[in-house]
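Visitor: Need a 3D model of the following:
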Amino acid sequence: MPHFHFAKVITFLSVFAANLSAATTASRRIHLIMMMAGSRNPRMTYEIMGSAYDVALNHSLQLYPQLFRNHSVTRYFTSGTFTCAEANAVTTVGLSSLYTGDSSSAEGDSKGIRIVLTPEENVLVLASSASLNLLNNKTRFPTLLPLASTSYNNVGLALLKILRLNKWNAVNLVCDSNPSELLRSAIELTCGVLRETFKNARDINMLELAFDSSKNESTGAMLRLSRTHSSVSLFAVLHEIYKTILAVAYALEMANGDYVPESLLRILPFSFVLAFEAIKWDAVAEEVEQMRIRSRQEYNWTISEEYKHNAVQLAAYESLLMLAEVLNDTSPSRLANATGATLAARFFNRTFDLPARRVSLNSIGTRECSVLVKQFNNGTRTFQVQVAVNLILLRFLIQISKNL
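Guide: Okay, the predicted model is just below:
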């Protein structure tokens with residue numbers, strides 16, 4: 001009996017965890033379990049992701065009525081704001097409660113919906129917004145498919161490319177330990193990915209510096225220490241805080257050239273663009289509206305006009321559609337005998353023609369995209385591409401170099 005485990009962020013490495021598990025029985029019954037930790041954030045958490053999963057499931061029911069003719073859904077949501085470690089604990093405990101027991105199956109009841117699961121751990125995991133570099137390790141996570149459309153690890157690879165092109169072998173990493181609530185998860189994810197990236201880059205010496213944006217004296221102390229190590233620094237901070245850092249750096253005579261006085265909310269030194277295929281939002285306008293209605297009616301959360309075109313939410317919607325397509329294309333006999341690893345392999349090197357765009361997965365089940373690194377040109381008043389990192393080619397070249 002194969003199991004499918006759907007994750008907004010994988011449970012044991014999560015900021016906010018949203019997981020969908022499915023078990024099929026001999027009679028082709030599918031049990032879906034959505035598991036999420038985290039709430040009240042306009043870009044992610046269970047109100048946003050849950051509504052995306054629900055709309056995608058409804059769409060899948062229409063596309064594959066025979067596949068889902070006998071199915072059930074359980075939602076395991078935990079509200080609150082969590083760090084990675086906290087969300088990890090919440091979802092791990094939740095999953096353990098579903099998979100405990102010495103018998104061949106464990107039964108439980110959630111919100112009136114009955115579930116039946118076997119306790120095996122060989123489950124297929126679809127991570128719709130997880131982006132930690134560690135998730136690409138197939139030896140450790142053979143059943144995990146990182147399907148994020150906000151792939152921070154791709155940006156990490158692009159940063160390494162820039163540092164090496166400029167022959168910079170030392171860099172400072174500055175992560176705000178007291179960010180705004182809205183950016184807390186993004187900063188935590190970014191810094192986690194960069195730590196992992198630089199840990200594996202033996203030719204670059206990275207020093208992480210303490211910084212607390214709520215303390216006025218923290219900026220000067222951090223900058224004085226940074227210049228003893230490297231003139232290259234990476235900052236994971238709010239834009240407004242970055243402006244303050246530049247002002248203090250200028251006062252400490254750490255800036256060359258004229259100080260740029262205009263708002264850095266619009267003008268940042270570098271812009272990293274993930275070159276996925278363009279999203280055709282008009283093609284999913286009805287689904288986007290259904291997500292807004294579902295979020296308001298079922299999760300008591302209003303998605304504002306500003307956040308209705310949400311790439312993270314769309315990735316969750318697309319992940320479930322991809323899962324449904326793969327299950328539908330798998331014969332009943334093969335599905336009955338499938339393991340998490342063999343099911344994951346059915347996603348490798350595959351292209352899905354989805355409503356909003358075409359999604360291509362590589363040989364480890366990650367969404368393919370390149371990274372365009374743009375720098376602001378004060379003369380033309382535009383961002384101009386400085387480096388285009390083709391990650392498909394980059395991974396190929398890295399593999400070739402390892403084999404030499």
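
Visitor: Could I get the full set of strands for the stretch 51-200 of the chain?
Guide: Along the stretch 51-200 of the chain, counting by DSSP state E, counting those that start in this stretch, strands occupy 71-78, 106-110, 113-117, 123-127, 144-146, 170-175.

Visitor: weakest of these in terms of mean pLDDT?
Guide: When these are compared by mean pLDDT, strand 113-117 comes last with a mean of 30.

Visitor: which residues of the stretch 51-200 of the chain fall in helices?
Guide: 84-99, 152-165, 184-199 (DSSP state H, counting those that start in this stretch).

Visitor: Would you mind getting the angle between the second one and strand 170-175?
Guide: Taking axes from the mean of the first three to the mean of the last three CA atoms, to 10 degrees, helix 152-165 and strand 170-175 form an angle of 150 degrees between their directions.

Visitor: CA atoms of helix 152-165 as CSV?
Guide: Only the C-alpha atoms of helix 152-165 are listed here, as CSV (Å, rounded to 0.1, in the frame of the first residue of the first chain):
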residue,chain,number,x,y,z
TYR,A,152,16.3,29.9,-2.4
ASN,A,153,18.9,27.3,-3.0
ASN,A,154,19.0,28.3,-6.7
VAL,A,155,19.9,31.9,-5.5
GLY,A,156,22.6,30.4,-3.3
LEU,A,157,24.1,28.7,-6.3
ALA,A,158,24.0,32.0,-8.2
LEU,A,159,25.7,33.8,-5.4
LEU,A,160,28.6,31.3,-5.4
LYS,A,161,28.9,31.9,-9.2
ILE,A,162,29.2,35.7,-8.6
LEU,A,163,31.8,35.3,-5.9
ARG,A,164,33.9,33.0,-8.0
LEU,A,165,33.6,35.1,-11.1
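
Visitor: Count the neighbours of the closest residue to residue 245 other than its chain neighbours for me.
Guide: Sequence neighbours aside, residue 219 is the residue nearest to residue 245 in space, at 5.7 Å (criterion: CB to CB, 6 or more residues apart in numbering). In short, each C-beta sits where N, CA and C put it, glycine included. A count of nearby residues for residue 219, using other CB atoms under 10 Å, gives 22.

Visitor: just the one 4 residues further on next, same as before
Guide: A count of nearby residues for residue 223, using other CB under 10 Å, gives 20.

Visitor: any idea how far it is from residue 349?
Guide: Going from residue 223 to residue 349 by CB to CB, to the nearest Å gives 47 Å.

Visitor: Mind giving me the packing neighbours of the strand or helix carrying the residue nearest to residue 245?
Guide: Assigned by DSSP states H and E, residue 219 falls within helix 216-226. On a contact count with 3 or more CB pairs under 8 Å, 6 or more residues apart in numbering; DSSP states H and E, helix 216-226 meets strand 170-175, strand 205-209, helix 239-251.

Visitor: my read: the residue nearest to residue 245 touches residue 211, true?
Guide: Yes: with contact defined as CB atoms under 8 Å, residue 219 counts as touching residue 211 (7.4 Å).

Visitor: for the residue lying closest to residue 63 once chain neighbours are set aside, what are its contacts?
Guide: Excluding the flanking residues, the one nearest residue 63 by CB to CB, 6+ apart is residue 324, at 6.7 Å. Residues counted as contacts of residue 324 (CB atoms under 8 Å, 6 or more residues apart in numbering) are 56, 60, 63-64, 67-68.

Visitor: at 7 Å what do you get?
Guide: 60, 63-64, 67 (CB atoms under 7 Å, 6 or more residues apart in numbering).

Visitor: Now it: which helix or strand?
Guide: Applying DSSP H and E, one finds residue 324 within helix 311-329.

Visitor: Now render the helices and strands packed on helix 216-226 as JSON lines, adding mean neighbour count and distance to residue 345.
Guide: Listed next are the helices and strands packed on helix 216-226 as JSON lines, based on neighbours: other CB atoms under 10 Å; distance: least, CB to CB, whole Å:
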{"stretch": "strand 170-175", "mean neighbour count": "20", "distance to residue 345": "36"}
{"stretch": "strand 205-209", "mean neighbour count": "16", "distance to residue 345": "35"}
{"stretch": "helix 239-251", "mean neighbour count": "16", "distance to residue 345": "42"}
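
Visitor: so which of the ones you listed comes closest to residue 295?
Guide: helix 239-251 (27.5 Å; CB to CB).

Visitor: tell me the angle that closest one makes with strand 170-175.
Guide: Going by the same axes, to 10 degrees, helix 239-251 makes 130 degrees with strand 170-175.

Visitor: and helix 239-251, what does it pack onto?
Guide: helix 216-226 (3 or more CB pairs under 7 Å, 6 or more residues apart in numbering; DSSP states H and E).

Visitor: now that we're looking at residue 74, how far away is residue 34 from it?
Guide: For residue 74 relative to residue 34 (CB to CB), the value is 7 Å.

Visitor: for the stretch 201-350 of the chain, what are the low-confidence residue spans?
Guide: The model of the stretch 201-350 of the chain has pLDDT under 70 over residues 255-277.

Visitor: what about 80?
Guide: 238-240, 242-243, 246, 250, 253-278, 335-340 (pLDDT under 80).

Visitor: quick one: contacts for the nearest residue to residue 208 once chain neighbours are set aside?
Guide: Closest residue to residue 208 apart from its sequence neighbours, by CB to CB, 6+ apart: residue 173 at 4.6 Å. Contact partners of residue 173, counting by CB under 7 Å, 6+ apart, are 191, 194, 206, 208, 234.

Visitor: Now for the third one: which residues touch it?
Guide: This means residue 206. So, once contact is read as CB under 7 Å, 6+ apart, residue 206 ends up touching 171, 173, 198.

Visitor: Same check on the last one?
Guide: When the contact criterion is CB under 7 Å, 6+ apart, the partners of residue 234 are 171-174, 194.

Visitor: do the first one as well
Guide: Residue 191 is in contact with 173, 175, 236, counting by CB under 7 Å, 6+ apart.
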